[in-house]
Each structure stands twice: as structure tokens, then as C-alpha cells.
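Peer 1: the following comprises the amino acid sequence and a computationally predicted model.
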Amino acid sequence: MTLAIEVKQIRKRFGTLYALGGVDLEIHAGEFFALLGPNGAGKTTLINIIAGLTLASSGSVKVMGHDVVGDYREARRMLGVVPQELVFDPFFTVRETLVFQSGYYGLRNNDDWIDEIIHHLDLTDKAGANMRSLSGGMKRRVLVGQALVHKPPVIVLDEPTAGVDVELRQALWHFIKQLNRNGHTIVLTTHYLEEAEALCNRVAMLKKGHIVALDSIRNLISTISGSLVRLRLSPDTLPVALQPLMSSRDEGCFFLAIKEYSQLENVMAALRMAQAQVLELQVLQPDLEEVFVKIMGNAGNSESISTPV
Amino acid sequence: MIGFLTLLYKELLRFWKVGFQTVFAPMLSSLLYLMIFSHTLEEHVQAYPGVPYTVFLIPGLVIMAMLQNAFANSSSSLIQSKVSGNLVFMLLSPISYQEIFMAYVLASVVRGLVVGLGIYGVTVFFFDLPLYSFLWIFIFALMGTALLGALGIIAGIWADKFEQLAAFQNFVILPLTFLSGVFYTIQSLPPFWQGLSHLNPFFYMIDGFRYGFFHTSDASPYLSVGILAVCFLGVSWGTLRMLKKGYKIRQ
């Protein structure tokens, strides 16, 4: 299978600080991949190295088989990047911005595709407007458009939905899902874990410059064994028999941790025995957020970010 | 090649869209210099025998404006893009560092020439300015603006803030231009200052440029071209190295 992105032993040092401490990562062509991690984990640094915006201290990165340093022209043609910051050139209009970006990639007479991008991103009314006059959401759309002018097989989006309203967020995801269906590899970073869970096949979790988890979402979730049962009872006391199962208590509800569904029967039996009336009952499935919190809590605590590795 | 042409076109369009500020304003200030200096000094100073001071002054003012605008074009474009973050669009693309260099230098040359032509075009209406050799004029205009365009790239990349760029402009570019013989011929200076002026590359640009009008100069135009070529190669080498290594822009 072709590798869209191949990261080998990438380290990046800023002074004495290691932003990335030996990252290995393979993303296959056609994947919808998420890079997750708290602020300062090194996500953007890694993306910048992949995009050639930052030079790594050591290690190598290939995009569609092309080294991002040695064969940078080909590598960059393969890649479209939507930066995190809302950057724009205030001298130009939306269409000029897209035409210039297309020209930077060596493309001439690209107007049909640019028109299509403008149409898909709902920018038709604003095509002739100066970038300065656009709202934040509109500017974000132009950034997406700029990343697509050269039809790159690999698209990287760094926090594409940060500060974007619900409507645009959904439109954006709809568009990006369509790109993925058409064969583009999508790599994104996001703070919205439910987005990653809904969209992506695989995720990598970064913490302090190291990858601490790399797997499909299903596999990651299955590492959390069992489910939580949320109960609201009348009277508001948990039968003694169920006390050992309690994991937490919140807003008049009890949360019980069960390993298997069959345990539900025991729970119900104990409630009947104690003659407690069930006001609410909900079985909560573990989600990516739970995995994230667990992994970020445990992993890599021993490794200090400033330790050279 | 298309990448280079696009970047060049973008750079040209950038200053042209704000032409009032980038072309018209420097023309106006040069013409004001000319009015004031000619009014106050016309009767007191004669730089070249038989040449009225105002006429002597015009080529100097023209090339000074060209040099300053060539420098301003590349440096301000780069620092604006750096500060606002939109430099990323160019850095993400496959444009090579040589193409970046050429596009920024050429845009600077064009802006310099446009401003210079503007000032010249206005002044020839009012003054009887000789024209000895268009070729010499063009050679020195080209070399001067290209050198300043390249210096502008260095300054624009090096400066992190607008103040640093202004400092570079005020403490390096401005003194070197003012002390290069725009307003005087260095023959009028004491020997020590004459010697010092010969170390200033800007002197050769202005002296050679003026030669193209008056067929007389302080230094041989061939020597001037040689010195400027060496300077340009040196500065270009430094600029290309900076761009290749991604100094400050790909760290």
C-alpha cells in the first residue's frame, strides 16, 4: 500500500527544548487520519516539518514517496496544507489569492478548477472581494481553497474548525469527507474529539513530542474495558451490594463501572432487592475522549520534554 | 518558471495597487528636494563646470529615489508577509529559493525604474538635462536597483519587527545614499572624505548613473560597473544562502 506520509525518527529541537523527540509515523494513502494531543504536544511542529515550513533537527519525512527536503518540489506538489492561523494577504481579492496560489504550484489556466473550488466553498459572492473585508469563517474557507488549488493527493488541516460556527463546520466536514471519498488522504488535528471519532479511521496521539498511541479508533476504544451505568434512584441512596461498583457520583446520579453487559442483571436484581425505584438508567459507551484522557494521563510521564533523547 | 512569473506578477501588483504611496509619494518628495535645493543653492554651487547645480542634482535625486524604492519594495513586502503570516503561502509551494530571489529582486528593479522614470519624466519638462548615453544610465539603474532589491530581501528576512527594518533603512541605507554624492561631487570634499567615499558602493551607482547624463564622472564608469558587479554577486550569494537555509523563515 502506498504511504501518503512517512515520518522517520523526526526530532526537532528549539534551543534546549525538544518539541519532537523521535517521531515515527506512517499514514496510508486514502486514510482519514487525526493527530491528537494537548496544546504544545508538537502537532503543529510535526505538520510544519511535513509541509517543509520547518526544518527538522534530524530524521526524514516523505510525502507520497518524495523527501520533503531532498525532493521538496515534488513533495510540496503532493501536499495541500490549511494552516491553523487565519492568514491572508490584504492586498488581494479572493480570486487573486487562489490564482496566485495556483501559479505558485506551476499551474496556468486553472480557472475551471478555481471556479469549482469557489463554488464548493460557497464563495461565489465574495470572489471579487478583498480578503480584508471577509469574515473569519470566509477567510477560513479561502485557506481551504488555497490548499486545494493544485489538487494535492494529501491534504493536511491544522485545527480547521477552531473558531468556526456550527453551520460552516458541518459544511466543511461534508466537503472534506467528499474529498476523502474521492481518494484524497486527509490528515487533521483537532481539539474536538467527537469530530475525530466521527470522521477518522485512525488516530495518533502526541504528548510532549512523542507518539503515545497510534491505532484505529475502534481498537483504541476497546482498550477501555467495560461501560459505565448512570443511575438516578429514589430514594437517593445506592444499595450496599452495589457500592463496590461505584466509580463516581455526580449531580444526583451514580456511575457504576461494569465489565460486561451480563452484570446489568445483577445490578437490576440488587436494586429490586433494595426496593429502590429507578428514575433514570443509561449505559454509557466509552468514547475517544475517555481514551484520550486515559492515555494523556498515563503515558510518557517519565519523559521530560527537555531531555535529549 | 510559472511559479517565478506568478510571484513576480504578485509582487508587481502589490506595489501597483498602492501606487499612490509606492510610486507617486516618492516622486513628490524627490521633486520637493529638487525645488528646495535648486532655489537655495543654484547661485552658490557649481558641481561640474558649466552645469547648473539643479541640472547636476537631477540624476542624483532620480537614482537616490530608485535605490530607496527598490530597497523598500522587497524589504517591506517580506516583512509584511512575515508579520501577517501570509509568507506561508509562498513557503508551502514548490517555488525554489532561486525563483524567490529573482522575483523579489526583479520586482524591486521594476518599482525603482518606474519611480525613476516618473521623476525624470517630470523634470525634463522644466530643465535642459543632457543625455550622453542611455546605455550607461540603464546599466547603473539596473545594477543599483538590483543590489538594493537584494539588500531589501536580506533586511526583510532578518528583521523581526518593523522597527528593526526602519533602523536598517535609517542607519544603513539612508546615510550611505546621502553620503554618496547625490547632492555634491566628491571632488569638493577634503581628501580623507574623498577616500572614504570610495569605500561606499552607493557612490559608484550615483557617479556612474550621472556619467550617463554628463559624460563626466569622479570614477571611471568601467571601474564603477566592476565594483557594483562584485557587490551584487556578494550580496546575492549571501541572500541566496539565507533563502536556501531558510534563515528565520523555515526555522
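Peer 2: Arrived safely.

Peer 1: could you use CA atoms for every contact and neighbour count after this?
Peer 2: Noted.

Peer 1: dump the residue contacts of the residue in the stretch 101-250 of chain B positioned nearest to chain A.
Peer 2: Per CA to the nearest CA, residue B:250 is where the stretch 101-250 of chain B lies closest to chain A, at 4.6 Å. By CA atoms under 8 Å, 6 or more residues apart in numbering or on different chains, the contact set of residue B:250 is A:52, A:53, A:54, A:55.

Peer 1: which among those are in contact with chain B?
Peer 2: The subset of the contacts of residue B:250 within reach of chain B, by CA under 8 Å from any CA of the partner chain, is A:52, A:53, A:54, A:55.

Peer 1: coming back round to it: show me which of the contacts of residue B:250 is closest to residue B:141.
Peer 2: Checking these against residue B:141 with CA to CA, the nearest one is residue A:53 at 35.4 Å.

Peer 1: that closest one against residue B:90, yeah?
Peer 2: No: counting by CA atoms under 8 Å, residue A:53 stays clear of residue B:90, with 10.0 Å between them.

Peer 1: can you report phi and psi for the residue of the stretch 101-250 of chain A found nearest chain B?
Peer 2: For the stretch 101-250 of chain A and chain B, the shortest gap (CA to the nearest CA) falls at residue A:104, measuring 4.2 Å. When read as degrees, to the nearest 10, the backbone of residue A:104 gives phi -60, psi -30.

Peer 1: list the contacts for the spatially most central residue of chain B?
Peer 2: Among the residues of chain B, the one closest to the centroid is residue B:67, at 1.3 Å (CA atoms, centre = their mean). With contact taken as CA under 8 Å, 6+ apart, residue B:67 is in contact with B:112, B:144, B:145, B:148.

Peer 1: which ones among these also lie next to chain A?
Peer 2: Okay, of the contacts of residue B:67, nothing touches chain A (CA under 8 Å from any CA).

Peer 1: same list, those, but as CSV with neighbour count, pLDDT and secondary structure please.
Peer 2: Shown next, in CSV, are the contacts of residue B:67 (neighbours: other CA atoms under 10 Å in any protein chain shown; pLDDT from 0 to 100; DSSP: H, G, I helix; E, B strand; the rest coil):
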residue, neighbour count, pLDDT, secondary structure
B:112, 33, 97, helix
B:144, 31, 97, helix
B:145, 30, 97, helix
B:148, 30, 97, helix
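
Peer 1: could you point out the member of those residues that lies closest to residue A:227?
Peer 2: For the contacts of residue B:67, the residue nearest residue A:227 by CA to CA is residue B:148; the value is 69.1 Å.

Peer 1: contacts only, for residue A:44.
Peer 2: Residue A:44 touches residue A:158, counting by CA under 8 Å, 6+ apart.

Peer 1: that one belongs to a helix?
Peer 2: Yes: judged by DSSP: H, G, I helix; E, B strand; the rest coil, residue A:44 forms part of a helix.

Peer 1: how much space separates it from chain B?
Peer 2: 13 Å (CA to the nearest CA, to the nearest Å).

Peer 1: longest helix in the chain, please.
Peer 2: By default, I'm working from chain A. Under DSSP state H, the helix in chain A containing the largest number of residues is helix A:166-181.

Peer 1: hm, I was asking about chain B
Peer 2: Assigned via DSSP H, chain B shows its longest helix as helix B:53-84.

Peer 1: so which bits of that one are buried?
Peer 2: For helix B:53-84, burial by neighbour count (16 or more other CA atoms under 10 Å in any protein chain shown) applies to B:53-82, B:84.

Peer 1: and it, what's its mean pLDDT?
Peer 2: Mean per-residue pLDDT for helix B:53-84: 94.

Peer 1: and it, how far out from the chain middle?
Peer 2: 5 Å (CA atoms, centre = their mean, to the nearest Å).
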